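**Student:** how does the following fold in three dimensions:
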Amino acid sequence: MENLELLVNKYLNRKPDYIIHLGDIDSPFMIPILGKLNVEGLLIKGNNDGDTDYLGVKCFENNIKFVCPPYHLDLEGKKFLLT
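**Tutor:** Residues are numbered from 1 along each chain as shown. Sure, this is the predicted structure:
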């Protein structure tokens, strides 16, 4: 989780508009770290996500949508297929 903390701290000043994570969150405790960015986000379920029920709770608490692949995303007039 240390690397994720470093990454989030690096991007706090850049203020991203949206986060997309393409799966394999090892621990639900990583979600509040992403939540520090205070932006809307999307997490695609991976095949190595650990406790997915608790992961869903942490995503909800941090304004991150937790979905299963494949997922169709419309973002700013662009269409994405996330797997």
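**Student:** now the helices for the protein?
**Tutor:** Taking DSSP state H, the helices of the chain run over residues 2-11, 31-35, 52-61.
**Student:** out of those helices, deepest packed?
**Tutor:** helix 31-35 (a mean of 19; mean count of other CB atoms under 10 Å). For glycine as for every other residue, the C-beta is placed from the backbone atoms N, C-alpha and C.
**Student:** who are the packing partners of that helix?
**Tutor:** Packing partners of helix 31-35 (3 or more CB pairs under 8 Å, 6 or more residues apart in numbering; DSSP states H and E): helix 2-11, helix 52-61, strand 64-67.
**Student:** kindly recompute the last result at 6 Å.
**Tutor:** Helices and strands touching helix 31-35, as assessed by 3 or more CB pairs under 6 Å, 6 or more residues apart in numbering; DSSP states H and E, comprise helix 2-11.
**Student:** state the mean pLDDT of the helix it packs on.
**Tutor:** What helix 2-11 shows for mean pLDDT is 92.
**Student:** chain center to it: distance?
**Tutor:** How far helix 2-11 lies from its chain's middle: 14 Å, per CA atoms, centre = their mean, to the nearest Å.
**Student:** identify the residues contacting Y71.
**Tutor:** Neighbour list for Y71: I44, L82 [criterion: CB atoms under 6 Å, 6 or more residues apart in numbering].
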